[in-house]
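S.K.: Sequence and predicted structure below; questions after.
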Amino acid sequence: MTRTVGRPSPQAAYAEWVAACAEAGWHAGLVAEQVSVHDALGRVSAAAARARWASPRFACAAMDGIAIAAGAASGGLADDGQVLLPDSAFTWVDTGDPIPAGADTVVERERVELRADGALVTGPVTHGQHVRASGEDFRAGDLLIPAGRRLRPADLGAAAVAGYAALAVARRPLVAIIPTGDEIRPVDSALGPGEFTDSNSVMLAARAAQAGALPVVTDVQPDDPDILAAAVRDASLTADLVLVIAGSSRGRGDYTAAVLAQVGSLAVQGVAVRPGHPVLLGHVKPARSGYAPPGGAVAGRPAGTVPAIGVPGYPLAAAVIFELFAAPLIAQLEGNLVPDRAPLQAVLDRDWASSPDVEEWIPVALTAVDPQDPPDGRVPVASPSSGHGAGAISRLVRADAWWPVPTGQGRFAAGDGIEVLPIPC
């Protein structure tokens with residue numbers, strides 16, 4: 001059943017889609033698993049990590065040199081700024097060594113001259129110099145990594161220092177990608193007249209992996225509603241999200257809408273966005289009892305309602321729909337509380353006109369400018385890509401960011417400030 005009449009905004013469509021999935025029994029509760037700190041880069045923390053002990057765990061030398069009591073040295077400084085310390089007044093230490101009892105300062109090796117009767121120190125001696133105090137970096141119990149953060153190299157290093165060999169992270173959502181079309185051929189296939197390479201599944205699988213998901217691409221499915229319905233049902237048994245590429249329009253071989261209605265339900269059919277307006281948003285109902293794909297279901301994967309997207313077949317449209325609907329759902333499934341990318345301010349290099357009736361996503365190239373150039377030299381210049389339509393993937397190749405033009409804003413002048421979303425590397 002189609003719940004939306006007309007074309008809602010992308011934001012309204014997403015909200016309606018998620019609500020419809022929830023009504024059908026879907027929930028986005030994350031599933032946590034333990035992963036070694038060696039393998040946790042890019043994963044999303046499922047729980048806060050607090051330091052199990054202080055860092056450093058003990059006062060230690062921050063330089064190679066001698067550990068001394070600063071008071072003993074400062075009291076013996078001569079007019080030339082030197083002091084001779086007896087052997088009993090110092091201990092040689094290397095960086096990271098514990099500070100010996102009674103010492104509170106390290107004099108770096110470059111200012112120490114070893115003599116037969118002791119060590120000659122040149123220059124001032126300051127209490128606590130070149131000593132890392134216990135807990136200087138962090139104390140036991142300090143919050144190091146909040147829940148919902150995509151883990152970076154420094155996070156993993158800090159976790160190891162704080163006593164963690166493994167971290168609780170969100171299970172990577174599995175995204176099933178189903179390419180369709182009688183004219184679509186796998187990569188590296190010989191192409192006949194009217195045939196096209198399955199490039200969209202390559203692009204979407206890579207973007208899904210970038211977003212933190214685990215992509216699984218099926219074989220290309222023919223324009224046969226029964227075969228496609230079976231493929232969608234199979235995928236829904238192990239996937240957290242199903243993407244069906246192409247067939248979302250109203251052509252003679254476009255069956256995605258009918259198939260999603262058959263295997264589950266359609267919440268939204270068409271969205272006020274360009275490119276990508278024919279997008280379909282729905283869900284797949286639980287498979288019939290006793291039905292299982294070869295190899296069985298994956299432990300920890302959903303066994304019930306699974307969100308599904310009918311992705312338009314043009315490359316730019318497919319890319320836009322992923323950003324608007326798949327990426328935020330993946331983030332929701334991972335419990336990712338911090339956006340992976342923040343909008344950037346840029347300045348248009350030309351006049352521009354868009355349809356005010358839709359949210360238009362335009363690829364833009366960004367060029368850095370001389371900071372001395374007035375008035376907007378501190379932000380990059382945006383050059384929108386035009387022409388060749390949503391089927392020209394080269395427009396995206398040459399772009400550094402998306403410019404989502406808000407609905408109702410159709411005309412812009414050269415020099416206007418705009419907000420763009422960087423394309424992940």
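M.R.: Received, thanks.

S.K.: who's in contact with the helix or strand hosting residue 203?
M.R.: Using DSSP states H and E, residue 203 falls within helix 199-210. With contact meaning Cβ atoms under 8 Å, 6 or more residues apart in numbering, helix 199-210 is reached by 175, 177, 179, 187, 214-215, 217, 243, 245-246, 311, 313, 315, 318-319, 322, 326-327, 330, 393, 424. For the C-beta atoms, the positions are set from N, CA and C on the backbone; glycine is no exception.

S.K.: again, only this time at 6 Å
M.R.: 175, 177, 179, 215, 217, 245, 318, 322, 424 (Cβ atoms under 6 Å, 6 or more residues apart in numbering).

S.K.: Look at the closest residue to residue 399 other than its chain neighbours and say how many residues are nearby.
M.R.: The shortest distance from residue 399 to any non-neighbouring residue, by Cβ to Cβ, 6 or more residues apart in numbering, is to residue 363 (3.4 Å). As a burial measure, residue 363 scores 24 neighbours (other Cβ atoms under 10 Å).

S.K.: contacting residues around residue 363?
M.R.: Residues in contact with residue 363 (Cβ under 6 Å, 6+ apart) are 385, 395-396, 399.

S.K.: what's the neighbour count on residue 412?
M.R.: Other residues lying near residue 412 total 18 when counted by other Cβ under 10 Å.

S.K.: pretty sure it contacts residue 354?
M.R.: No - here residue 412 does not reach residue 354: they are 8.0 Å apart, not a contact under Cβ atoms under 6 Å.

S.K.: Which positions in stretch 279-289 come out as buried?
M.R.: Buried residues in stretch 279-289, counted by 16 or more other Cβ atoms under 10 Å: 279-287.

S.K.: Out of these, flag the one nearest to residue 307.
M.R.: Using Cβ to Cβ, residue 283 comes nearest to residue 307 of the buried residues of stretch 279-289, at 5.2 Å.

S.K.: Just checking: what are the partner strands of the one helix or strand the closest one maps to?
M.R.: Assigned by DSSP H and E, residue 283 belongs to strand 280-284. The strands beside strand 280-284 in its sheet (DSSP bridges) come out as strand 264-269 (antiparallel), strand 306-311 (antiparallel).

S.K.: now the helices for the stretch 51-200 of the chain?
M.R.: Per DSSP state H, counting those that start in this stretch, the stretch 51-200 of the chain carries helices over the ranges 70-74, 153-161, 199-210.

S.K.: Next, the angle from the last one to strand 306-311.
M.R.: Here helix 199-210 runs at an angle of 140 degrees relative to strand 306-311 (axes from the mean of the first three to the mean of the last three Cα atoms, to 10 degrees).

S.K.: mind checking the longest strand of the chain?
M.R.: The longest strand of the chain (DSSP state E) is strand 359-367.

S.K.: rewinding a little: now the two most distant members of the contacts of helix 199-210.
M.R.: Going by Cβ to Cβ, the pair spanning the contacts of helix 199-210 furthest: 179 and 424, at 22.2 Å.

S.K.: higher neighbour count, the two?
M.R.: Neighbours per residue, other Cβ under 10 Å: of residue 179 and residue 424, the larger number sits with residue 179, 24 against 12.

S.K.: pull the helix or strand with minimum mean pLDDT from this protein.
M.R.: Lowest on mean pLDDT, DSSP states H and E among the helices and strands of the chain sits helix 70-74, with a mean of 77.

S.K.: So what's the residue count around the closest residue in space to residue 402 that isn't next to it in sequence?
M.R.: Closest residue to residue 402 apart from its sequence neighbours, by Cβ to Cβ, 6+ apart: residue 421 at 4.7 Å. Neighbours of residue 421 under the rule other Cβ under 10 Å: 17.

S.K.: Over to residue 84?
M.R.: Count around residue 84 with other Cβ under 10 Å applied: 15.

S.K.: could you measure it against residue 112, distance?
M.R.: The gap separating residue 84 from residue 112 is 11 Å, by Cβ to Cβ, to the nearest Å.

S.K.: can you check residue 34 too?
M.R.: Applying Cβ to Cβ, the value for residue 34 to residue 112 is 48 Å.

S.K.: Name the residue in the two with the higher neighbour count.
M.R.: Each of residue 34 and residue 112 has its neighbours counted (other Cβ under 10 Å); residue 112 has more, 19 against 11.

S.K.: which ones are touching that one?
M.R.: Going by Cβ under 6 Å, 6+ apart, residue 112 touches 66, 119, 121.

S.K.: What of residue 366?
M.R.: Residue 366 touches 380, 382, 400-401, counting by Cβ under 6 Å, 6+ apart.

S.K.: quick one: which of these is nearest to residue 17?
M.R.: Distance to residue 17 across the contacts of residue 366 (Cβ to Cβ) is lowest for residue 401, with 25.6 Å.

S.K.: what about that closest one, distance to residue 355?
M.R.: The spacing between residue 401 and residue 355, counted by Cβ to Cβ, is 20 Å.

S.K.: Among the contacts of residue 112, which are located in strands?
M.R.: Among the contacts of residue 112, the residues falling in strands (DSSP E) are 66, 119, 121.

S.K.: Of those, which is the nearest to residue 195?
M.R.: residue 66 (76.9 Å).

S.K.: which ones are touching residue 348?
M.R.: 382, 412, 414, 416, 418.

S.K.: same thing with residue 272?
M.R.: So residue 272 contacts 7, 9, 358 (Cβ under 6 Å, 6+ apart).

S.K.: and it, what pLDDT?
M.R.: On the pLDDT scale, residue 272 is placed at 96.

S.K.: Skip the chain neighbours and tell me the closest residue to it.
M.R.: Spatial nearest neighbour of residue 272, excluding adjacent residues (Cβ to Cβ, 6+ apart): residue 7 at 4.2 Å.

S.K.: Low-confidence stretches in the stretch 251-400 of the chain?
M.R.: Along the stretch 251-400 of the chain, the model assigns pLDDT under 70 to residues 251-253, 287-303, 369-377, 387-391.
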